[in-house]
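1. fold the following for me, if possible:
(2 chains)
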There are 2 protein chains.
Amino acid sequence: MAVTYRDIKADILGKITRGEWKPGSLIPGELELAETYGSARATVNRAMRELAEDGIIERKRKSGSRVRLSPLRQARFDIPIVRREIEERGAAYRYALVESEVVRAPDWVRARMGLSPGETVRHLVCLHFADGTPYQHEDRWINLAVLPQARDADFRSEGPNEWLVAHIPFSEAEISISATVADATLAAHLACAAGDPLLQIERSTRWHGRAVTYVRLVHHRGHRMTARY
Amino acid sequence: MAVTYRDIKADILGKITRGEWKPGSLIPGELELAETYGSARATVNRAMRELAEDGIIERKRKSGSRVRLSPLRQARFDIPIVRREIEERGAAYRYALVESEVVRAPDWVRARMGLSPGETVRHLVCLHFADGTPYQHEDRWINLAVLPQARDADFRSEGPNEWLVAHIPFSEAEISISATVADATLAAHLACAAGDPLLQIERSTRWHGRAVTYVRLVHHRGHRMTARY
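-> Model (predicted):
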């Protein structure tokens, strides 16, 4: 049977993890590897590309590929829609709209989203429950200059995240993770004590270069984001 | 000039973001696309593979590829060695060893790492400074059954993370992000107030299936992890 790129990748990874190919050392060229493995050069190329994407090797056009001195570690976190996240844990999902208003963007939102003075936004506060327990508090701002339909959209039964994905599914986002503390309002909504540490995700979304939405998601006490690499 | 996979990927992505190809809709087959773009099928295949990896399309062997109903959002965070992270911010790095001992693993560490009763670990507490300000508090446990050299290694001038990367550069890890609160000791070390919310990263590392190290990294108040997608 023909050698696959997976075989080649696994073999090279083995050489590196066993220390046969040391960090910083030069890796044979693709033509040489193709001969060694009795494969097409394209097959070796794909294996090398994936090893580079995984942060195991460094590829340089002129000087060849080397084993990285220290692997470039990347943790990939799935960021699903909260309903799906809760249902994947086997819990029942419930959504509640807490507040809804159309307002001129407050200064801090304007600065954060890069809006012009006087631009209006739809501001929503929502709660997401897992088996009846508060799971996530959502503080959401939507730019009505880009999404005028959001002015009159009804967010009482469907959350803005799902609405946005239906209207602008493929956008660019910047995401930022930090720790925050429960004030009295968050504590009441998330059924925790004021002063409790909470994991917060902020996300700013752009669509064809324009700010669409900014959201601050604060999770129940003890929430974790987990990934492997 | 020949059409590259990047051209094809950009063209397909454009069709999807402009809504010409709707979420859930079937995408033409690779042979048909290759004909449309006047390219090799392998070139189309690479474009499709990357769109699938980016969470934009779903590929099924039998029923063909579809635009995902909602994109699978993945945030990729680089997890560099803390020295590099600090130096990349243009700050001067300083390291300090706070505590060091060789002990039988406490029950919670044994459970966490999956060690046998009575196994010994090297326990280290370290601080990492950026321009003289506490940046990260490291609470590290190393399995001496896998890395006996760690028993006598001198961690006074070099941190265990860099030592570990030099000894076991290519390992598997599980990483978990959560919010924690500063107790009196953490507050003293990180120059913050007791009760402050702090971002915590825990990492369990395995090498060829065996637990190598468990570490709890707690960051200065206000620390964020940021990524784009």
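
2. going forward, measure contacts between C-alpha atoms and count neighbours the same way
-> Fine.

3. after whichever strand or helix holds residue A:13, which helix or strand is next?
-> In the assignment (DSSP states H and E), residue A:13 maps to helix A:5-17. Following helix A:5-17 in sequence order, the next helix or strand is helix A:30-37 (DSSP H and E).

4. pLDDT wise, what is the residue sitting nearest the centre point of chain A at?
-> The C-alpha lying nearest the average C-alpha coordinate of chain A belongs to residue A:79 (Cα atoms, centre = their mean; 4.6 Å). Confidence at residue A:79, expressed as pLDDT, is 77.

5. before we move on, what about the one 5 residues further on?
-> The predicted structure scores residue A:84 at 86 on the pLDDT scale.

6. next one: residue A:25
-> Listed pLDDT for residue A:25 reads 89.

7. pretty sure it is in contact with residue A:66, am I right?
-> Yes. Shown here, residue A:25 and residue A:66 form a contact pair, counting by Cα atoms under 8 Å, at 5.4 Å.

8. near chain B, anything from the helix holding residue A:13?
-> Yes. Using Cα under 8 Å from any Cα of the partner chain, helix A:5-17 reaches chain B at A:16, A:17.

9. for that helix, list every residue counted as buried.
-> A:5, A:8, A:9, A:12, A:13, A:16, A:17 (16 or more other Cα atoms under 10 Å in any protein chain shown).

10. now those residues as TSV including distance to residue B:223 and pLDDT?
-> TSV is the format used below for those (distance: Cα to Cα, whole Å; pLDDT from 0 to 100):
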residue	distance to residue B:223	pLDDT
A:5	40	89
A:8	40	92
A:9	36	90
A:12	37	91
A:13	34	86
A:16	34	84
A:17	33	76
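
11. of those, which is the nearest to chain B?
-> Distance to chain B, by Cα to the nearest Cα, is smallest for residue A:17 among those, at 5.6 Å.

12. residue furthest from the geometric center of chain A?
-> Distance-from-mean max, chain A, by Cα atoms, centre = their mean: residue A:35 at 40.1 Å.

13. about what we covered before: quick one: which of residue A:25 and residue A:66 has more around it?
-> Counted by other Cα atoms under 10 Å in any protein chain shown, residue A:25 and residue A:66 do not tie: residue A:66 has more neighbours, with 20 against 15.

14. need the contact list for that one.
-> By Cα atoms under 8 Å, 6 or more residues apart in numbering or on different chains, the contact list for residue A:66 reads A:23, A:24, A:25, A:26, A:27, A:57, A:58, A:59.

15. buried ones in the lowest-mean-pLDDT helix or strand in chain A?
-> In chain A, no helix or strand scores lower on mean pLDDT, DSSP states H and E than strand A:74-78, which sits at a mean of 78. Under the neighbour-count criterion of 16+ other Cα under 10 Å, strand A:74-78 has A:74, A:75, A:76, A:77 buried.

16. how far away is the third one from residue B:78?
-> If I follow you right, that is residue A:76. 9 Å (Cα to Cα, to the nearest Å).

17. joint contacts of the two?
-> Common neighbours of residue A:76 and residue B:78 are not found (criterion: Cα under 8 Å, 6+ apart).

18. circling back: please see if the least confident helix or strand of chain A touches chain B.
-> Yes. Contact of strand A:74-78 with chain B (Cα under 8 Å from any Cα) involves A:74, A:75, A:76, A:77, A:78.

19. output the below-cut-off pLDDT ranges for chain A.
-> A:1, A:71-72, A:169-170 (pLDDT under 70).

20. where exactly do the strands run in it?
-> A:57-60, A:64-67, A:74-78, A:93-104, A:120-130, A:133-143, A:172-181, A:197-207, A:210-219, A:225-228 (DSSP state E).
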